[in-house]
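Enquirer: Structure of the sequence below:
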Amino acid sequence: MIRDRAEARRLLELVGNTPLLKIRLFERMFPRLEVYAKAEWFNPGGSVKDRAALAMIEDGERRGALRPGQTIIDSTSGNTGIAYALVGAAKGYPVKLVMPRNVSGERKELVAAYGAEVEFSDALEGSDGAIRLVRELVAAAPEKYFYPDQYSNPANWRAHYDGTGVEILEQTGGRVTHFVAGLGTTGTFVGTARRLKEHGPGITAIAVMPEEFHGLEGMKHLPSSIVPRIWDPGVADELWTAPTEPSYELARAIARSEGLLVGHSSGAALWAVGQLAERIGEGVVVTVFPDSGDRYLSSGLYRR
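Expert: Coordinates of the predicted model:
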């Protein structure tokens, strides 16, 4: 049963407009550098993926591609799946997710809590295996499903072009000089960077991906993966590769020093900010903390 639109809207209006937090981790070494991070765990589903999931579902409704009685289906490493499950529950759509079997236990439990059905793909195949499996399921029953396909859907990056990028400009008073963000579906980076560069072509945008063999859940090493169709390498001034262990240590460090419990990919973003700081020394750097570390506790991220 599809929920009353006004009823669902009250919850979904909480998506976006997240705080921009000042990060002090680099202040002692680089006193003329300002570093800020979008605290995306303030979204109702707990991550930056609430923005894209809501945008893709509502775009599907507007186009008539998502109709009452259909099931929302997609592959996910966790956060987008949680967001789909939340939005589906709020709007009254059933949700089916394909996830690699090795995603954190917290993510599995969260999607189940919202009532989503889950089918697990081979852990060794990562997010690419989940993509292949969901395509098989949709091909076998195309009328049953609405398949947003977060890796190919332009509504993904538009959510950040219309939302995250605009918020950063407002929250920094347009002073941002550098933008740093990790790559998964690439939607956060592509949409935000496009909007920032329209405001100021001189703003430098640095994309961060993990090493080929890594432990940074939710991130994609593009050269060895199915490259998302929405990825636009022309938007990135530079593409950096973050190492796993230093990223973990920075996630732990900011929890201990600033009380910010963040996930693996936030640690990778902090690693890149540190590298950038050594190069530029001053400026206004903005990054994105996609989620909180509370959904990675079982992974050992915070066990020394």
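Enquirer: In the stretch 101-250 of the chain, what residue spans correspond to helices?
Expert: Listed in chain order, the helices of the stretch 101-250 of the chain (DSSP state H, counting those that start in this stretch) span residues 105-113, 126-140, 154-159, 165-171, 187-199, 244-258.
Enquirer: Would you check how far apart the residue lying closest to Thr177 once chain neighbours are set aside and Val190 are?
Expert: In space, and not counting its chain neighbours, Thr177 is closest to Gly283: 4.0 Å by C-beta to C-beta, 6 or more residues apart in numbering. For glycine as for every other residue, the C-beta is placed from the backbone atoms N, C-alpha and C. According to C-beta to C-beta, to the nearest Å, Gly283 stands 22 Å off from Val190.
Enquirer: who has more neighbours, the two?
Expert: Val190 (28 against 18; other C-beta atoms under 10 Å).
Enquirer: what about the nearest residue to the more buried one once chain neighbours are set aside, how many neighbours?
Expert: Spatial nearest neighbour of Val190, excluding adjacent residues (C-beta to C-beta, 6+ apart): Trp157 at 4.4 Å. Counted with other C-beta under 10 Å, residues neighbouring Trp157 total 29.
Enquirer: How is this protein partitioned into domains?
Expert: Split into domains by automatic domain parsing, the chain comes to 5-47+154-299, 49-146.
Enquirer: Average pLDDT for the first one, rounded please.
Expert: Confidence for domain 5-47+154-299, expressed as mean pLDDT, is 96.
Enquirer: From the chain's centroid, how far away is it?
Expert: A distance of 8 Å separates the centroid of the chain from that of domain 5-47+154-299, by C-alpha atoms, centre = their mean, to the nearest Å.
Enquirer: go on, the shortest one?
Expert: Here domain 49-146 is found 15 Å from its chain centre; the criterion is C-alpha atoms, centre = their mean.
Enquirer: Any idea how far apart the tips of it sit?
Expert: End-to-end span of domain 49-146 (C-alpha to C-alpha, to the nearest Å): 18 Å.
Enquirer: From Asn156, how far out is Phe120?
Expert: For Phe120, the distance to Asn156 - C-beta to C-beta - is 23 Å.
Enquirer: And these two? Which one has more around it.
Expert: Taking neighbours as other C-beta under 10 Å, Phe120 and Asn156 compare with Asn156 leading, 30 against 16.
Enquirer: ok, the nearest residue to the more buried one once chain neighbours are set aside - contacts?
Expert: Spatial nearest neighbour of Asn156, chain neighbours left out: Gly187 (3.6 Å); criterion: C-beta to C-beta, 6+ apart. Gly187 makes contacts with Ala52, Gln150, Asn156, Trp157, Ala159, His160, Pro228, Ile230, as judged by C-beta atoms under 8 Å, 6 or more residues apart in numbering.
Enquirer: Just the closest of those residues to Thr71, please.
Expert: Taking C-beta to C-beta as the measure, Thr71 sits nearest to Gln150 out of the contacts of Gly187, at 15.8 Å.
Enquirer: my guess is the closest one meets Ala52, correct?
Expert: Yes. Assessed by C-beta atoms under 8 Å, Gln150 is found in contact with Ala52 at 6.3 Å.
Enquirer: and for the two, which residues touch both?
Expert: Residues touching both Gln150 and Ala52 (C-beta under 8 Å, 6+ apart): Thr80, Asn156, Thr185, Gly187.
Enquirer: can you list these in JSON lines and add distance to Phe179?
Expert: Formatted as JSON lines, the shared contacts of Gln150 and Ala52 follow (distance: C-beta to C-beta, whole Å):
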{"residue": "Thr80", "distance to Phe179": "21"}
{"residue": "Asn156", "distance to Phe179": "17"}
{"residue": "Thr185", "distance to Phe179": "17"}
{"residue": "Gly187", "distance to Phe179": "14"}
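Enquirer: What is the nearest of the residues you listed to Thr18?
Expert: Distances from Thr18 to those, taken by C-beta to C-beta, are shortest for Gly187, at 15.7 Å.
Enquirer: now the closest one: how far from Leu216?
Expert: 17 Å.
Enquirer: so what does the longest helix seen in the chain touch, helix or strand wise?
Expert: Criterion DSSP state H: the longest helix present in the chain is helix 264-280. If you count contacts as 3 or more C-beta pairs under 8 Å, 6 or more residues apart in numbering; DSSP states H and E, helix 264-280 packs onto strand 33-39, strand 178-182, strand 204-210, strand 238-242, helix 244-258, strand 283-289.
Enquirer: Could you identify which of the ones you listed is most buried?
Expert: Mean neighbour count, computed with mean count of other C-beta atoms under 10 Å, is highest for strand 178-182 among these, reaching a mean of 27.
Enquirer: Alright, that wraps it up for me.
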